[in-house]
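In: What follows is a protein structure lacking sequence information:
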């Protein structure tokens, strides 16, 4: 892949350059700050930009926002302190950055510092189609034939799937909900487990609902937002507890929205709303369709407000989305739907 490196620290630039060369990638250009990166990207667009966060003149958040507006390009945040910059990390991801990883360190004995970065680049390349899979992906599990919607039991559940641009979209929706929000909320956001606690803290500082890391065995609870924090897939079990599964092993999305939504469609006895937000790829389309086939309400974010219109577009194309809405309208619509359902399904 052709790579653009945006970093003002010479040692970090050299570590990134060596890592790219070792992984068989080409460094297309270097930029010492975000303003230069915006110019370079407009002149010569790379396959991927490695974007630092803290820089003079223009930081990585504003540079990401400008690039996605003017010369859209895949961006991976690479920063020396992920935990120390968690607020900026999620601002950048909300602006369109695909993922975040720690800056590799020169002289690391076992070389694992750079391997994590190379693994993320390979994953981005495969999902975007720039890098071909080394082996064919086995077909995913097909949806079960249509069955009549179940009679709904008590309990209200909101499930949300998102990826690129997800943190900012999540914040926009969750900010509209009151503290006495009647439904339980479970979010499947494509993100490495090491960054989920930072996402949870970031959301907790800005919304009235309680946001928690999801632990195996947790049950959905009204007014509580649960976000999974492992590299495994999120599933709902027959008894409506939540857990994790390593299957399917050939799915590049973690946690897979399809895997989670299909398990909810199979086991949740109450009323459910399914939402697919901004993200690259098509994860969640089949799962949202499974939820809709069970008589649940479904929403996809519209093209104009999506950072990347991959996941919502796929959901719309298969007929999974009952409504297609801009991000600023989704929260209010969810409240309206829940108000109409609360009398039927809520204690």
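Out: Here it is on my side, so go on. Note that the coordinates shown come from a computational prediction; the quantities given were computed from them, not determined experimentally.
In: Could you double-check that residue 262 sits in contact with residue 286?
Out: Yes - Residue 262 is in contact with residue 286 according to CB atoms under 8 Å; the separation is 7.1 Å. In short, each C-beta sits where N, CA and C put it, glycine included.
In: How about the contacts made by residue 158?
Out: 183-186, 272-273, 275, 334, 338 (CB atoms under 8 Å, 6 or more residues apart in numbering).
In: what's across from it in the sheet?
Out: On the basis of DSSP bridges, residue 158 is bridged to residue 185, residue 273.
In: if we can go back for a sec, quick check, nearest of the contacts of residue 158 to residue 208?
Out: Residue 208 has its nearest neighbour among the contacts of residue 158 in residue 185, at 12.5 Å by CB to CB.
In: what ranges do the strands span in the stretch 151-300 of the chain?
Out: For the stretch 151-300 of the chain, applying DSSP state E, counting those that start in this stretch gives strands covering 156-162, 184-189, 210-214, 224-228, 233-236, 242-245, 271-276, 297-301.
In: Just the angle for the longest one relative to strand 224-228, thanks.
Out: With axes from the mean of the first three to the mean of the last three CA atoms, to 10 degrees defining the directions, strand 156-162 sits at 40 degrees from strand 224-228.
In: as a whole number, average confidence for strand 156-162?
Out: The average pLDDT within strand 156-162 is 98.
In: likewise the fourth one?
Out: For strand 224-228, the per-residue pLDDT values average out at 97.
In: Just the residues contacting it, thanks.
Out: Around strand 224-228, the neighbours that count as contacts under CB under 8 Å, 6+ apart are 174, 184-189, 196, 199-200, 203, 207, 209-214, 218, 220, 234, 242, 244, 255.
In: Are any of those buried, and if so which?
Out: 174, 184-189, 196, 199-200, 203, 207, 209, 211, 213-214, 218, 220, 234, 242, 244, 255 (16 or more other CB atoms under 10 Å).
In: Residue 216 is in contact with residue 242, isn't it?
Out: Yes - between residue 216 and residue 242 there is a contact under CB under 8 Å: 7.4 Å.
In: how many neighbours does residue 206 have?
Out: 11 (other CB atoms under 10 Å).
In: Check what pLDDT the closest residue to it other than its chain neighbours gets.
Out: In this structure, residue 206 finds its nearest non-sequential neighbour in residue 171, 6.0 Å apart by CB to CB, 6 or more residues apart in numbering. Residue 171 is assigned 94 on the pLDDT scale.
In: got a list of what residue 171 touches?
Out: So residue 171 contacts 94, 203, 206-207 (CB under 8 Å, 6+ apart).
In: same check, this time on residue 176
Out: Here residue 176 is in contact with 331-332, 335 (criterion: CB under 8 Å, 6+ apart).
In: buried subset of these?
Out: 331, 335.
In: Next step: the contacts of residue 176 restricted to strands.
Out: The strands, defined by DSSP state E, take in nothing from these.
In: quick one, helices of the stretch 101-250 of the chain?
Out: Remark: helices assigned in the stretch 101-250 of the chain by DSSP state H, counting those that start in this stretch are 112-128, 166-174, 193-204.
In: just for the stretch 51-200 of the chain, where's the confidence low?
Out: For the stretch 51-200 of the chain, the stretches with pLDDT under 70 are 108-113, 133-153.
In: Outline the domain layout of this protein.
Out: Listed by automatic domain parsing, the domain ranges of the chain are 2-128, 156-345.
In: can you tell me the distance between the two ends of the shortest one?
Out: According to CA to CA, to the nearest Å, domain 2-128 extends 14 Å from its N-terminal end residue to its C-terminal end residue.
In: And for residue 114, the neighbour number?
Out: Neighbours of residue 114 (other CB under 10 Å): 21.
In: Please read the previous query as pertaining to residue 49.
Out: 28.
In: Need the phi and psi values for it.
Out: phi -110, psi 130 (degrees, to the nearest 10).
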